[in-house]
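K.L.:
Sharing a model that was predicted from the sequence below.
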Amino acid sequence: MLRIIDARTGEPVVAAPVRRGLTRVEAHASGYGPGSLRVLLVADLLFRALELGGTPVWAVLTGEREQAELRAGATALGMHPFEDGRDLGAGAGLGEAQILHVVGEDGPAPDGVRVAVAPAEGIVPGGPPGTDAAPAPDPAVLRLALLATPRTEPVRLDAAVLGEAHDTLVRWRRAVADWARRPSRPVPDELRGRLRAAWEDDLDMPAVLGVLRSVADAGPELPDGARFETYAYADRLLGLELTRDLGAPA
């Protein structure tokens, strides 16, 4: 059961209080930049985590500036499509069991559960003119760099941080492609439980990544087929395309 810290009270709340009840995840972001993309990424993670738990989700983007650029950036980072918050009518909210507002540090203070996201600054791959932009052949590098820091802590996306994320992503994708050549094995219950416990505890993405590191470093008692299935399972949440290199030459 996913629990999230409500920034208004500092207390954990159940993200989906009604079984199978619709949850709206509303991302409040204006202006293209790493901070706004981080808000959208947290909203996307909420969407994925709730869906994995069987909860129907409605993802909405609200804001006044550079919405087209934000949507393009979200698509490049592998996020689910966001509906336009400006299209919300007077009946919005009817039938919803929960509304989760994902807000940045300088964002609005809407009523309801607020999921706080700390600032991000630095390099933004492929941003519009006037931003601190840099080419990035694989936007998943930026996604991993943001996932590696707790969402409540500021992050600086400099060349060193992105370089480390790039190296990790390359290493993991190669390992996954290699493990896929071995006989398949199910995800061990213990690993599945550790992954779910991590992301259901206030979306603790660094803990999820820590589980994957432990899987990569585990001894021969963990079959390679189980390593592959564990990474593929976690990637349903992470969205890093960890199986992208399947079939590539060894």
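P.N.:
Nice, thanks for sending it over. Residues are numbered from 1 along each chain as shown.
K.L.:
Could you measure from Pro12 over to Met1?
P.N.:
The spacing between Pro12 and Met1, counted by CB to CB, to the nearest Å, is 10 Å. Every C-beta, even on glycine, is put in place using the N, C-alpha and C of the backbone.
K.L.:
which ones are touching Pro183?
P.N.:
Listed by CB atoms under 8 Å, 6 or more residues apart in numbering, the contact partners of Pro183 are Pro223, Gly225.
K.L.:
Surely it forms part of a helix?
P.N.:
No: Pro183 is assigned coil when assessed by DSSP: H, G, I helix; E, B strand; the rest coil, not a helix.
K.L.:
Would you agree Pro108 is in contact with Ala27?
P.N.:
No: in this structure, Pro108 is not within contact of Ala27 by CB atoms under 8 Å, at 11.3 Å.
K.L.:
The two: which is more packed in?
P.N.:
Set side by side, Pro108 and Ala27 show more neighbours around Ala27, with 31 against 12, by other CB atoms under 10 Å.
K.L.:
tell me which element the residue nearest the centre of the chain is part of?
P.N.:
Nearest to the mean C-alpha position of the chain, by CA atoms, centre = their mean, lies Leu45 at 3.6 Å. If you go by DSSP states H and E, Leu45 is part of helix 34-52.
K.L.:
which residues sit against the helix or strand just after that helix?
P.N.:
Scanning forward in sequence from helix 34-52 by DSSP H and E, the next helix or strand is strand 57-62. Contacts of strand 57-62 with the rest of the structure, by CB under 8 Å, 6+ apart, involve 22-29, 40, 43-44, 46-47, 50-51, 67, 70-71, 74, 80-86, 88, 96.
K.L.:
Show me how to select, in ChimeraX, the buried members of those residues.
P.N.:
Entered in ChimeraX, the line below selects the buried ones among the contacts of strand 57-62, by 16 or more other CB atoms under 10 Å:
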select :22,23,24,25,26,27,28,29,40,43,44,46,47,50,67,70,71,74,80,82
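K.L.:
Which members of the contacts of strand 57-62 are positioned in helices?
P.N.:
Leu40, Ala43, Asp44, Leu46, Phe47, Leu50, Glu51, Gln67, Leu70, Arg71, Ala74 (DSSP state H).
K.L.:
residues touching the fifth one, list them.
P.N.:
For Phe47, the set of contacting residues under the criterion of CB under 8 Å, 6+ apart consists of Val25, Val57, Ala59, His80.
K.L.:
Now do the same for it: its pLDDT.
P.N.:
According to the prediction, Phe47 has pLDDT 97.
K.L.:
And it, how close does it get to Ala7?
P.N.:
Following CB to CB, the distance that separates Phe47 from Ala7 is 19 Å.
K.L.:
just the last one next, same as before
P.N.:
Look at Ala74 and Ala7: by CB to CB, they are 22 Å apart.
K.L.:
Which positions in stretch 104-123 come out as buried?
P.N.:
Buried, per 16+ other CB under 10 Å, within stretch 104-123: Gly104, Gly107, Val113, Arg114, Val115, Ala116, Val117, Pro119, Ala120, Gly122, Ile123.
K.L.:
Can I get the residues you listed in a markdown table including distance to Trp199 and secondary structure?
P.N.:
As requested, those are arranged in a markdown table below (distance: CB to CB, whole Å; DSSP: H, G, I helix; E, B strand; the rest coil):
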| residue | distance to Trp199 | secondary structure |
| --- | --- | --- |
| Gly104 | 21 | strand |
| Gly107 | 23 | coil |
| Val113 | 17 | strand |
| Arg114 | 19 | strand |
| Val115 | 14 | strand |
| Ala116 | 17 | strand |
| Val117 | 16 | strand |
| Pro119 | 23 | coil |
| Ala120 | 20 | strand |
| Gly122 | 25 | strand |
| Ile123 | 27 | coil |
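K.L.:
List just the nearest of the residues you listed to Pro186.
P.N.:
Within the buried residues of stretch 104-123, proximity to Pro186 (CB to CB) peaks at Val115, which comes in at 32.5 Å.
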